[in-house]
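Novice: structure, please.
(chains A and B)
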Amino acid sequence: MTTSLIRRQALDTELGRLERMLEIRAVEESIQTLYNDGHVRGSTHLANGQEAISVGIASILRPTDVVTCTYRGHATALALGVSPEGVLGEICGRVIGCSGGLGGSMHLMDASVGLMPTFAIVGAGLPVAAGVALAAKLKKNDSVALTIFGDGSTNIGAFHETLNMASIFKLPIVFVIENNLYGEYTRINLSTPISDLADRADSYAMRKEIVDGQDIDAVRASISAAVKYAREGNGPSLIEAKTYRYSGHSRSDPATYRLPGELDEWKKRDPLDIAAAKLISNGTITGQDLEKLKSEIDTRVAKAIETVLASDGPSLEALMQHVSASRK
Amino acid sequence: MTVMRTRQAVIQALSDELESDPTVFLMGEDIGSGGPFKATEGLIEKFGEERVIDTPISEMAFLGAGVGAAAMGMRPVVEMMFIEFIGVALDQLTTQGAFYRYLSRGAYQVPLTIRAAAGAGMGFGCQHSQILDQWFRGNAGISLVIPSSPQSMYGLLRSAIRSNDPVVVLEHKALYGERGDVITGEAGIIPIGQANVITEGTDLTIVAIGSTVHTAKAAMESQSEWSADIIDLQTLIPWDKATVMKSVAKTGRLVIVEESSYSGGWGSEISSEVVSQLWGKLKAPPHRITSPDAPIPYAQELEKRYLPSPEYVTSQISELLKTGKCPAPWWEGF
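Specialist: Numbering: from 1, shown residues only, chains lettered A, B, ... in the order given. Coordinates of the predicted model:
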């Protein structure tokens, strides 16, 4: 069993899921330091504030199900099972990275847990996920495709074409909108005439649901129902998870466009706090345990960074490999 | 060996692959009814709706679905009714499918075939007549073939479907009705990347592909002053350098006949490579005979003039041989 699969199994428990959310936050927060120290090139897109969606999804899907996800994909990759070394290694362009350092932050992948290379073009992952679902249908296995994308993607043609086709073909697919209220630098009300994006399912006679993206248990319930619906051959669902990203669109974006007070309001409903409070109130852990867990995770991430920085960059040969079948 | 039309060779190749490999399936607009060129006629009746899938008019969705299904181990054959239609979906092939093998370090491969009617000469106007090979050149991870005969249609299409990478098959719409002998089965399969020397001559090498193979042949047959090695390139990406170099090393002269417009044409790359490899051994500068840099006109006489005709090719070659210099194209001065 791969390390990624073992990490995936750890999401079977409530504590395992909290731990993964904490780890995602810690990994993402370490990226700025790595950037300042000159280890990160190009752009990165953080998903801090959205951890409950990634972990909720990963804890419901089977490793044989397939996920397509956007360039805001660190959280999804870690949730599905990619190690911190795999994600940070990729962001730092090292051979230890999950795409061997050839992809970068926007192209994370791990076939052993069903993560296709993440998509750096808005909307591009939707048609591909439909093809994954079509393959499952043609092969008559009960795999499900799940595609994660932002509110901005709901205004691109690929979204509408794919929802229509998935509905007509009754494909085993779940469409998940992470509605974090901003498409790149633009607030949703300036780009989109409706506020409940799930309503777009109505045009395609598709099952829909709006879910609180800050509450992992709510996310799990919603994903679980949609996955079951798809697996049993009933067709696609569109799920809108209402959430918020604490960072700007990408590293170069200070997010000065936010509404005053908006960030503070959302931080009051932090997905990690909500999950931790539940575990403390049901007696699974104490406040002390939580602090200890956080510190263990910080140590683990610090060690991962050490490993990553000790890892080499990919070889020159790697640049010319896997371009086509004849160049292995 | 059977005599068949090019469009029937398409059907035969698809049918043979559908029969021999259960992971092959077809997807596209109106393919169940055979489409405007009847190039998939009868297949839905033979293989059913699960393997011959009619799609909505949503090129991005179904081309992308082809990429996704291919990554899951299927061998989809996606039809673009006209190659221009891929413009609204290009991302799915050039930016997504073409790079999955690379990004996943070989964990995912994309054995996807894209068939499309392409090419001018049938009065379809500028948005349904282009050959558009230039949209795919310079994009790592993709192969591109342009068959010129029923046999090469059969043989190249089967190779495309068996390839483990995306292959674009440009089916010239003016050739769909042409008849020819076809060897079917394994013996009829033509490898990707292999040119076909269709005539042998002494004075020059003519490199052509698709429709211009016929133009070059007609040009040669119309006169007796010169004879040429006519090379049907068959595959444009990757093109068969060895065959072209060997021929030009023998004849010392290279003429390239292209259907697409002058600027950015594929002949530039071949010409450049030949000059680099055979510098000092050439008897004349390589010469490209192409269409002009203009959209394809509708009016019949203009469309005929737009494409390189056998008469035009003959006069250009005759001048090249006489003067040792590249003659000006007909549109110079307009």
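
Novice: make it CA atoms for all contacts and neighbour counts henceforth
Specialist: OK.

Novice: now do the strands in the chain.
Specialist: All of this refers to chain A. For chain A, applying DSSP state E gives strands covering A:66-69, A:145-150, A:173-179, A:182-183, A:186-187, A:207-212, A:237-242.

Novice: try again with chain B
Specialist: B:2-5, B:24-28, B:52-54, B:75-82, B:113-118, B:143-145, B:167-172, B:179-182, B:196-199, B:204-208, B:228-232, B:235-237, B:254-261, B:287-291.

Novice: would you point out which residue is most central in the chain?
Specialist: Answering for chain A, as no chain was given. For chain A, the residue nearest the mean C-alpha position is residue A:76 (2.6 Å; C-alpha atoms, centre = their mean).

Novice: I was thinking of chain B, sorry if that wasn't clear
Specialist: Closest residue to the average C-alpha location of chain B: residue B:146 at 1.6 Å, with C-alpha atoms, centre = their mean.

Novice: and the pLDDT for the residue of chain A found nearest chain B?
Specialist: Residue nearest to chain B within chain A: residue A:131 (3.4 Å; C-alpha to the nearest C-alpha). Listed pLDDT for residue A:131 reads 98.

Novice: quick one: the helices in chain B?
Specialist: If DSSP state H is used as the criterion, the helices of chain B fall at B:6-20, B:43-47, B:59-71, B:90-91, B:100-103, B:150-162, B:211-221, B:241-251, B:266-278, B:300-306, B:310-323.

Novice: closest to chain A out of those?
Specialist: Closest approach to chain A among those (C-alpha to the nearest C-alpha): helix B:59-71, 3.4 Å.

Novice: report all helices and strands that the closest one contacts.
Specialist: Applying 3 or more C-alpha pairs under 8 Å, 6 or more residues apart in numbering or on different chains; DSSP states H and E, one finds that helix B:59-71 contacts helix A:125-139, helix A:157-169, strand B:24-28, strand B:75-82.

Novice: change it to 10 Å
Specialist: In terms of contacts (3 or more C-alpha pairs under 10 Å, 6 or more residues apart in numbering or on different chains; DSSP states H and E), helix B:59-71 is packed against helix A:125-139, helix A:157-169, strand B:24-28, strand B:75-82, helix B:90-91, helix B:100-103, strand B:113-118.

Novice: chain center to the second one, what's the gap?
Specialist: Here helix A:157-169 is found 21 Å from its chain centre; the criterion is C-alpha atoms, centre = their mean, to the nearest Å.

Novice: buried set for that helix?
Specialist: A:157-169 (16 or more other C-alpha atoms under 10 Å in any protein chain shown).

Novice: now tabulate the residues you listed in a markdown table and tack on pLDDT and distance to chain B.
Specialist: Supplementary listing: the buried residues of helix A:157-169 in a markdown table, determined by pLDDT from 0 to 100; distance: C-alpha to the nearest C-alpha, whole Å:
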| residue | pLDDT | distance to chain B |
| --- | --- | --- |
| A:157 | 97 | 8 |
| A:158 | 97 | 6 |
| A:159 | 98 | 8 |
| A:160 | 98 | 9 |
| A:161 | 98 | 5 |
| A:162 | 98 | 5 |
| A:163 | 98 | 9 |
| A:164 | 98 | 8 |
| A:165 | 98 | 7 |
| A:166 | 98 | 9 |
| A:167 | 98 | 11 |
| A:168 | 98 | 9 |
| A:169 | 98 | 9 |
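
Novice: which two from those residues end up farthest apart in space?
Specialist: Between any two of these, the greatest separation by C-alpha to C-alpha is 18.1 Å, found for A:157 and A:169.

Novice: circling back: for the residue nearest to the centre of chain B, which residues are in contact?
Specialist: Residue B:146 is in contact with B:118, B:131, B:133, B:152-153, B:156-157, B:168-172, B:209-211, B:232-237, counting by C-alpha atoms under 10 Å, 6 or more residues apart in numbering or on different chains.

Novice: any weak-confidence spans in chain B?
Specialist: Residue ranges of chain B with pLDDT under 70: none are present.

Novice: the closest residue to chain A within the stretch 201-334 of chain B: what's it in contact with?
Specialist: Proximity of the stretch 201-334 of chain B to chain A (C-alpha to the nearest C-alpha) peaks at residue B:238, 11.2 Å away. By C-alpha under 10 Å, 6+ apart, residue B:238 lies in contact with B:137, B:142-145, B:192-194.

Novice: also residue B:259?
Specialist: Residue B:259 makes contacts with B:119-120, B:130-133, B:208-212, B:215, B:265-266, B:289-292, B:306-309, as judged by C-alpha under 10 Å, 6+ apart.

Novice: do the same with residue B:204
Specialist: Residue B:204 is in contact with B:226-230, B:247-255, B:283-284, B:317, B:321, counting by C-alpha under 10 Å, 6+ apart.

Novice: narrow those residues to just the buried residues.
Specialist: Neighbour-count burial (16+ other C-alpha under 10 Å) is assigned, among the contacts of residue B:204, to B:227-230, B:247-255, B:283-284, B:317, B:321.

Novice: up against chain A, what does the stretch 151-300 of chain B have?
Specialist: For the stretch 151-300 of chain B, the residues in contact with chain A (C-alpha under 10 Å from any C-alpha of the partner chain) are B:163-166.

Novice: format those as TSV; extra columns: neighbour count.
Specialist: Converted to TSV, those look like this (neighbours: other C-alpha atoms under 10 Å in any protein chain shown):
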residue	neighbour count
B:163	19
B:164	20
B:165	27
B:166	29
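
Novice: ok, back up a step: redo the strands of chain A as TSV? Include mean pLDDT and distance to chain B.
Specialist: Shown next, in TSV, are the strands of chain A (pLDDT from 0 to 100; distance: least, C-alpha to the nearest C-alpha, whole Å):
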stretch	mean pLDDT	distance to chain B
strand A:66-69	98	9
strand A:145-150	98	10
strand A:173-179	98	12
strand A:182-183	92	20
strand A:186-187	92	24
strand A:207-212	98	19
strand A:237-242	98	16
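
Novice: now render those strands as TSV, adding mean neighbour count.
Specialist: Output for the strands of chain A, formatted as TSV (neighbours: other C-alpha under 10 Å):
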stretch	mean neighbour count
strand A:66-69	28
strand A:145-150	26
strand A:173-179	28
strand A:182-183	20
strand A:186-187	16
strand A:207-212	20
strand A:237-242	26
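
Novice: out of the ones you listed, which comes closest to residue A:323?
Specialist: Per C-alpha to C-alpha, nearest to residue A:323 of the strands of chain A: strand A:66-69, 21.2 Å.

Novice: what helices or strands is that closest one leaning on?
Specialist: Applying 3+ C-alpha pairs under 10 Å, 6+ apart, we find strand A:66-69 packed against helix A:74-80, helix A:125-139, strand A:145-150, strand A:173-179.

Novice: mind putting the ones you listed in JSON lines, distance to residue B:85 included?
Specialist: Listed next are those as JSON lines, based on distance: least, C-alpha to C-alpha, whole Å:
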{"stretch": "helix A:74-80", "distance to residue B:85": "34"}
{"stretch": "helix A:125-139", "distance to residue B:85": "16"}
{"stretch": "strand A:145-150", "distance to residue B:85": "25"}
{"stretch": "strand A:173-179", "distance to residue B:85": "26"}
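
Novice: nearest to residue A:32, of these?
Specialist: For residue A:32, the closest of the helices and strands packed on strand A:66-69 is helix A:74-80, at 13.6 Å, according to C-alpha to C-alpha.

Novice: spit out the contact partners of the closest residue to residue A:274 other than its chain neighbours.
Specialist: Once flanking residues are discounted, residue A:274 sits nearest to residue A:215: 6.6 Å by C-alpha to C-alpha, 6 or more residues apart in numbering or on different chains. By C-alpha under 10 Å, 6+ apart, residue A:215 lies in contact with A:50-53, A:56, A:241-243, A:269-275.
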